[in-house]
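Novice: Build me a model from this:
(one chain, ligands or ions: 1)
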Amino acid sequence: MISGKTKLLGIIGNPIEHSFSPFLHNDLALQTNTDVIYVPFKAAGDMQKVTDGLRTLSVKGVNVTVPYKSKIMSYLDEVTEMASFIGAVNTVKNENGKLIGYNTDYVGFYQSLKRNQVEIEGKKVLVAGAGGAARAVVFALVKYGAGEITIANRTISKANSLKEEVFKKTGKHIGVIEFSNALNGAYDIIINTTTLGMHPDVNAAVFPKFEEFDRYDAFIDLVYNPLDTASIKIAKSKEKKTINGIDMLFYQGISAFEIWNDIKISDEAMSRAYENFKDKVYK
Ligand code: NAP
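Specialist: The predicted model follows:
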């Protein structure tokens, strides 16, 4: 029940209508008996006004989504080392007027691999894309010990700058290849971090001629709208292991909720929230 003590959480983005996060976090509030409510904020773009608003209205925390994940960073009082590493903030916590930026996308990505029993240590991984999601994925791959990482991006200069940044920040050498040549190698895991296949362009596969390519074991698509992307369908038809973007979305949300509320969600509450989230998303 909402009362004078209820704390406000939300998500800032534009567009925001499609977001599953309000469902997830309001359910987590119920499952964990936490006195919070979570609402969508369709933001007009001025991050100074947005962050002033969060402080003025004592909003306890927000998620940040497209197109503000990088833009909001310079308006925060502090950014965690990992978020600054990744160059994007998807979670902001308001600590008595001090806004602290976190990145929980990389946690969500790693947890989704764990849930689906995909081992990355020592593995040969091809990452399609060099945008915000790719940065979280690549830093998680480095952190958790992937062997050989190669990035393919339509705009090759962006892939090269990510490669240089990763080397500077972690000492890890990663490869870059032309988007059109990406499928010449052999990989343990291919990860789509591009928007290819996302609604409304649902027939687009991650790489040209992806359907002819067979030299990989598992395919992970960060896109979750639709759940079965054109690329996932192709990988399934080749009997590869596949993971869609829903588990990553769930676990980045879990991590954010724990940060805002200073709690550790129990396994039981998490299982119930996971089932409810899947029911909501898959119905
Ligand atoms: P972004 O920063 O805008 O990056 C978009 C990426 O897609 C860039 O690498 C871009 O290449 C590439 N791209 C776009 N159109 C393309 C095309 N026609 N051909 C080839 N490449 C193309 O977006 P983002 O924030 O990284 O998000 C990317 C996707 O990940 C979205 O679908 C988002 O929903 C999903 N995502 C999912 C989760 C989750 O929890 N499951 C979390 C974060 C993001 P250029 O550099 O050449 O433009």
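
Novice: how far away is Asn33 from Ser231?
Specialist: Shown here: Asn33 relative to Ser231, a distance of 40 Å by Cβ to Cβ, to the nearest Å. Placement of C-beta: from N, CA and C, glycine included.

Novice: out of those two, which sits in the busier spot?
Specialist: Neighbours around Asn33 and Ser231, counted as other Cβ atoms under 10 Å, are more numerous at Ser231. The numbers are 26 against 7.

Novice: Contact partners for that one?
Specialist: Applying Cβ atoms under 8 Å, 6 or more residues apart in numbering to Ser231 gives the contacts 192, 196-197, 205-206, 210, 219, 221.

Novice: Report the secondary structure element holding it.
Specialist: Here Ser231 sits within helix 230-237, counting by DSSP states H and E.

Novice: residues of that helix that come out buried?
Specialist: 230-232, 234-235 (16 or more other Cβ atoms under 10 Å).

Novice: helix, strand or coil for Leu8?
Specialist: Using DSSP: H, G, I helix; E, B strand; the rest coil, the structure places Leu8 in strand.

Novice: returning to what we had before: of the contacts of Ser231, which pair is most distant in space?
Specialist: Spatially, the most separated pair among the contacts of Ser231 is Leu196 and Phe219, at 12.8 Å (Cβ to Cβ).

Novice: Looking at these two, which has the bigger crowd around it?
Specialist: In this view Leu196 and Phe219 are compared by other Cβ under 10 Å, and Phe219 has more residues nearby, 25 against 21.

Novice: quick revisit: make TSV out of the buried residues of helix 230-237 and add pLDDT.
Specialist: Converted to TSV, those look like this (pLDDT from 0 to 100):
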residue	pLDDT
Ala230	98
Ser231	98
Ile232	98
Ile234	98
Ala235	98
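
Novice: Just name the closest of these to Glu95, please.
Specialist: When the buried residues of helix 230-237 are compared against Glu95 (criterion: Cβ to Cβ), the nearest one is Ile232, at 39.6 Å.

Novice: my guess is that closest one contacts Thr242, does it?
Specialist: Yes. In this structure Ile232 lies within contact range of Thr242 using Cβ atoms under 8 Å: 5.0 Å.
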